[in-house]
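Peer 1: this is a predicted model, with the sequence first.
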Amino acid sequence: MRKGFGAALEAATTGEAPGAYHAVGQHSEPQARILQDTINTLYSDKAADHLPKNLSTPLAHVLTSYTPDTHEIYAASDSKYDIDWDSTGEVWSDKDGAHMAVGHQRLAAVMRGIADDGGAFGHLYGAEQQYSHHVLADIPQDAGDKTIQNRVVESSRAMGAYDGIRSDVIFDERFNKTQWAADFNHGISTGFSTALMFNPVADLAPVGDLTSKAIDVWAYESNKEHTAEANVEATEKNAKTYDAGLHDVDHMVRAWADSRGHGIDSDWTKSFVHAGQDQYDLGRNRTLDTLRADR
């Protein structure tokens, strides 16, 4: 029953056959509304915390297709997405198709349920990594520092939220952390092997070879750090020392700056690295605090 529901949900929210990766596409309002209703129902029924694998995997596939929306919800950078923490949200359309928003707390709860399955959450995390790279790659060559900082801050804040979910798993004593990290990193690597699931949409330009190589190097280094971090005993004492995700932001910004001809250790680059790290902390901590509020 659940397997059939998961497949039906994936088809209904993406308009494509279930079981495959879905490129970011032109969703319809009925598709986006079904996903929004699903998130709200799982949250309201307190069913988000423990999703069965035959539902978490299809949901992970679905949410990769909605990464521009989940990115903006966590970044809280647009008035349509910057809604109340616990809002049921809204659905709207523009030239790029339909979009879905729900409150940060609701989305994080469902993603945390998915994250019981390390591989499924690895797909989501890898999708956000790729999308954040696309957001930076699309910054105009002649952009001013304010525009650059806004993009860096928003992407870092979103990545921090994803890492807050990952950290909650690491702190959960139910899990074999080393095995979970191996599954998580496998999920990221298989996601990257799809030759970038993000087709050019909206104002995002195709990613060139230079950026693709930067993503490969960044993902490899990040995965090593995430695995090592999972072997550290998760206690309150070291709760704020989990910095593999912080290094994700560091690597992302430095790789982008390098692709634009700036030294990775130049003062110009460091200023954006520091801005990104501050907002990564904000995104991670507020998501982690929400998830652990009743634990």
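Peer 2: Happy to help now that I have it.

Peer 1: pick out the residue closest to the middle of this structure.
Peer 2: Glu128 (3.6 Å; C-alpha atoms, centre = their mean).

Peer 1: state the pLDDT value of the residue nearest to that residue when sequence neighbours are not counted.
Peer 2: Among residues not flanking Glu128 along the chain, Tyr162 sits closest, at 5.1 Å (C-beta to C-beta, 6 or more residues apart in numbering). In this view, the C-beta of every residue, glycine as well, is placed from N, C-alpha and C. pLDDT, Tyr162: 94.

Peer 1: where along the stretch 101-250 of the chain do the helices fall?
Peer 2: 104-114, 118-137, 145-171, 177-192, 209-230, 244-259 (DSSP state H, counting those that start in this stretch).

Peer 1: and the second one, how far out from the chain's middle?
Peer 2: For helix 118-137, the separation from the chain centroid amounts to 5 Å (computed by C-alpha atoms, centre = their mean, to the nearest Å).

Peer 1: number of residues surrounding the residue nearest to Glu128?
Peer 2: Neighbour count for Tyr162, taken as other C-beta atoms under 10 Å: 28.

Peer 1: so it makes contact with His123?
Peer 2: No: counting by C-beta atoms under 8 Å, no contact exists between Tyr162 and His123, whose distance comes to 11.5 Å.

Peer 1: can you give me the buried ones in the strand or helix carrying Thr13?
Peer 2: In the assignment (DSSP states H and E), Thr13 maps to helix 2-14. Residues of helix 2-14 classed as buried: 6-7, 9-11, 13-14 (neighbour count, 16 or more other C-beta atoms under 10 Å).

Peer 1: pLDDT and distance to Ala75 for those - can I get that in CSV?
Peer 2: Converted to CSV, these look like this (pLDDT from 0 to 100; distance: C-beta to C-beta, whole Å):
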residue, pLDDT, distance to Ala75
Gly6, 87, 28
Ala7, 87, 31
Leu9, 90, 26
Glu10, 89, 25
Ala11, 89, 29
Thr13, 92, 22
Thr14, 87, 23
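
Peer 1: which one of the residues you listed is nearest to Asp117?
Peer 2: Comparing the buried residues of helix 2-14 against Asp117 with C-beta to C-beta picks out Gly6 as the nearest, at 12.2 Å.
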